[in-house]
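Trainee: Sequence and predicted structure below; questions after.
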Amino acid sequence: MWNEIKGRPSLILLFSTIIGILLFRYTNLIFFPLLILALVFLFIKEKLTLVLMVILLSSWWTTKNYNRYMVSIKSIEEISGSTVNITCSIKDISKYRLKVKNVILNNKRYYGILDVKIKDNIYQHEDKLYIIGKVYPSRITNISERRFQERVIGTVYPSKIEILSRQNFSLRRFLYNVKSRIKSRASVYLDDEEAELIMTMVLGISEELPYEIYKKFKVTGLIHTLVVSGTQVSIITSSIMPFLSGLWLILLFPLIVLYAFITGLEISVVRASIMMGINILAHVIYEDYDPPSSLAFSGLLILAFDPLSLFGSSFQLSFLATFSLVCISPYIRIRKLNFVMPTLIVQGILAPLLLYKNGSLPLISFPINIILSPLISLLTIGGFILSLSTFTLPLVTQLISIIIKPITYLLLRIVTLGNSITYEIVYNPSIIELVSMYIIIGGLIYIGYTRLYKDNK
């Protein structure tokens with residue numbers, strides 16, 4: 001095992017970076033001792049020095065990001081409830097609120113995002129705004145919460161919003177309009193429930209997804225399918241790659257980048273896009289593709305831009321699931337069960353983390369994920385083709401919608417059935433119990449590896 005890790009420098013760098021990020025709260029205590037230790041080993045073991053320096057740099061960079069965010073929250077706490085003047089630009093738009101960036105509040109620049117409550121949506125991405133209103137600080141300071149990951153520093157209830165300027169071209173605005181166009185055209189040939197489900201799974205448009213569907217998917221442990229993730233990137237690109245070869249594979253690069261941007265640059269999508277990009281490049285230059293190294297490299301890139309993303313559910317679940325697929329699943333094989341083993345392994349390894357984060361774990365999630373995995377893949381491919389068809393003749397879109405309608409119907413009916421028979425484990429483990437669970441799982445995997453993989457060899 002150590003030889004496999006040693007032969008992949010990106011894995012060592014990723015582990016060093018993660019250690020540094022986990023230690024960022026103690027940077028002031030360990031910075032100088034580790035620096036002195038690194039200087040000592042500089043003349044003894046250069047590789048160990050590199051590891052120590054990576055730990056130091058990642059810890060320092062994480063501390064800097066964390067402190068900048070917390071200083072902004074505390075500054076807003078001091079003026080909580082007061083009327084302020086804000087100059088900003090729109091980062092994202094939803095039905096009843098704006099997310100604004102480049103915040104200058106009372107002539108002072110802030111690091112983070114403000115939520116702005118709105119009644120009428122007349123705004124566009126990248127619009128520069130002047131806002132007068134009351135501001136309140138974000139109460140979320142837990143680094144694992146989504147609002148923390150988004151760097152939301154407060155909420156504004158405006159009494160006046162004025163558009164100062166509007167860019168002639170904005171990539172975000174263009175992509176937002178593309179999504180809106182796809183949804184409006186596809187909805188003509190699908191029921192509301194079907195259209196919302198497909199648009200949520202394929203393009204991440206979830207604002208109008210009925211709560212009943214969301215609840216059903218959550219109860220059955222399928223909530224991850226309602227979030228655009230690396231799974232969609234892998235399914236779509238893997239379905240196209242067999243039809244291309246050589247330099248033609250380069251055509252997939254802009255498609256992957258466009259899909260990542262159009263779905264909002266979610267961490268799991270960025271991770272899968274980087275890995276698929278490396279995979280395509282390896283095919284083009286006729287080199288071997290190493291999934292573990294590719295996974296580590298994508299993790300390094302993401303953490304370099306946002307080290308605090310390590311504490312978010314998106315990063316943890318995406319990388320743990322992919323690690324299970326590329327580093328564990330190939331070594332645990334049981335005859336006649338190979339077709340379900342990858343799903344079982346991923347579900348089993350994610351189970352403790354999901355239990356830790358949610359406080360419950362639906363038991364139906366194990367069999368229903370296996371049953372619905374082919375349907376989800378078909379619906380993802382079909383939904384992607386449907387999205388592309390909206391730029392062609394209406395007849396093409398209508399034909400494709402007829403094909404994917406029964407798949408959508410069957411998926412929803414199975415999920416509804418799963419809701420009627422679901423049972424769940426209700427337990428909220430501590431961090432120590434979570435680590436203990438993974439130690440036990442690691443031991444079982446090692447036994448499975450020695451008994452199954454080696455025996456098969």
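Mentor: All right, it came through fine.

Trainee: list the contacts for L175?
Mentor: F261, I262 (Cβ atoms under 8 Å, 6 or more residues apart in numbering). To be clear about C-beta, it is placed using only N, CA and C from the backbone, and glycine gets the same treatment.

Trainee: Can you give me the distance of it to D92?
Mentor: The spacing between L175 and D92, counted by Cβ to Cβ, to the nearest Å, is 11 Å.

Trainee: now swap in N168 and tell me
Mentor: Going from N168 to D92 by Cβ to Cβ gives 20 Å.

Trainee: what do you get for K179?
Mentor: Plainly put, K179 is 12 Å away from D92 if you go by Cβ to Cβ.

Trainee: ok, these two, which is more surrounded?
Mentor: More crowded of K179 and D92, by other Cβ atoms under 10 Å: K179, with 18 against 15.

Trainee: host element of that one?
Mentor: Assigned by DSSP states H and E, K179 belongs to helix 171-186.

Trainee: Now do the buried residues in the top helix by length along the chain.
Mentor: Determined from DSSP state H, the single longest helix within the chain is helix 46-78. Buried residues in helix 46-78, counted by 16 or more other Cβ atoms under 10 Å: 49-56, 58-59, 61-63, 65-66, 69, 72-73, 75-76.

Trainee: that's a helix at D288, yeah?
Mentor: No. Looking at D288 with DSSP: H, G, I helix; E, B strand; the rest coil, it is coil, so not inside a helix.

Trainee: what sits against it?
Mentor: A282.

Trainee: and what of A296?
Mentor: Applying Cβ under 8 Å, 6+ apart to A296 gives the contacts R8, S10, L11, L13, L14.

Trainee: Now with 6 Å, please.
Mentor: S10, L11, L14 (Cβ atoms under 6 Å, 6 or more residues apart in numbering).

Trainee: One more: N279?
Mentor: So N279 contacts Y289 (Cβ under 6 Å, 6+ apart).

Trainee: how close does it sit to V202?
Mentor: In terms of Cβ to Cβ, N279 sits 21 Å off from V202.

Trainee: Would you map the helices across the stretch 251-400 of the chain?
Mentor: Taking DSSP state H, counting those that start in this stretch as the criterion, the stretch 251-400 of the chain contains helices spanning 252-262, 267-284, 291-305, 313-323, 341-358, 365-389, 394-420.

Trainee: so is L209 in a helix, a strand, or just coil?
Mentor: coil.

Trainee: Check L129 too.
Mentor: Three-state assignment for L129 (three-state DSSP): strand.

Trainee: next one: the one 4 residues further on
Mentor: G133 carries the three-state label strand when classified by three-state DSSP.

Trainee: Which residue is the nearest non-sequential neighbour of it?
Mentor: Leaving out its chain neighbours, the residue that sits closest to G133 by Cβ to Cβ, 6 or more residues apart in numbering is P158, at 3.5 Å.

Trainee: My guess is the one you found contacts L129. True?
Mentor: No. Here P158 does not reach L129: they are 9.1 Å apart, not a contact under Cβ atoms under 6 Å.

Trainee: Which strands border the longest strand along the chain, and is each parallel or antiparallel?
Mentor: Assignment by DSSP state E gives strand 152-165 as the longest strand of the chain. Looking at strand 152-165 with DSSP bridges, its partner strands are strand 113-117 (parallel), strand 128-137 (antiparallel).

Trainee: list the buried ones in stretch 209-224?
Mentor: L209, I213, K216, F217, K218, V219, T220, G221, L222, I223, H224.

Trainee: counting contacts, what elements does the helix or strand containing the third one pack onto?
Mentor: Pointing back at K216 there. Using DSSP H and E, K216 maps to helix 211-219. Secondary-structure packing of helix 211-219 (3 or more Cβ pairs under 6 Å, 6 or more residues apart in numbering; DSSP states H and E): helix 394-420.

Trainee: pLDDT (mean, whole number) over the helix it packs on?
Mentor: The average pLDDT for helix 394-420 rounds to 86.

Trainee: tell me what it is packed against?
Mentor: helix 211-219, helix 365-389.

Trainee: of all those helices, which gets the most neighbours per residue?
Mentor: Compared across the helices and strands packed on helix 394-420, helix 365-389 shows the largest average neighbour count, a mean of 19 (mean count of other Cβ atoms under 10 Å).

Trainee: What helices and strands are in contact with that one?
Mentor: Judged by 3+ Cβ pairs under 6 Å, 6+ apart, helix 365-389 is in contact with helix 192-203, helix 230-240, helix 341-358, helix 394-420.

Trainee: do you know which of the ones you listed lies nearest S365?
Mentor: Proximity to S365, assessed across these by Cβ to Cβ, is greatest for helix 341-358 (6.7 Å).

Trainee: ok, residues contacting that closest one?
Mentor: Contacts of helix 341-358 (Cβ under 6 Å, 6+ apart): 321, 324-325, 328-329, 361, 366, 369-370, 373, 429, 434, 437.

Trainee: and the helices and strands packed on helix 365-389, which is most packed in?
Mentor: Comparing the helices and strands packed on helix 365-389 by mean count of other Cβ under 10 Å gives helix 192-203 as most buried, with a mean of 22.

Trainee: who does it touch, helix- and strand-wise?
Mentor: With contacts taken as 3+ Cβ pairs under 6 Å, 6+ apart, helix 192-203 sits against helix 171-186, helix 365-389.

Trainee: what angle separates the first one from helix 394-420?
Mentor: It refers to helix 171-186. Using axes from the mean of the first three to the mean of the last three Cα atoms, to 10 degrees, the direction of helix 171-186 lies 90 degrees away from that of helix 394-420.

Trainee: what's the spacing between helix 171-186 and its chain's center?
Mentor: Chain-centre distance of helix 171-186: 21 Å, with Cα atoms, centre = their mean, to the nearest Å.

Trainee: how does this protein divide up, domain by domain?
Mentor: 2-75, 79-168, 175-456 (automatic domain parsing).

Trainee: Which of the ones you listed has the lowest mean pLDDT?
Mentor: The minimum mean pLDDT among the domains of the chain belongs to domain 2-75 (a mean of 76).

Trainee: For the closest residue to V257 other than its chain neighbours, which residues are in contact?
Mentor: Spatially, and ignoring its direct neighbours in sequence, V257 is nearest to S273 (7.0 Å; Cβ to Cβ, 6+ apart). Counting by Cβ under 6 Å, 6+ apart, S273 touches V233, I256, A260.
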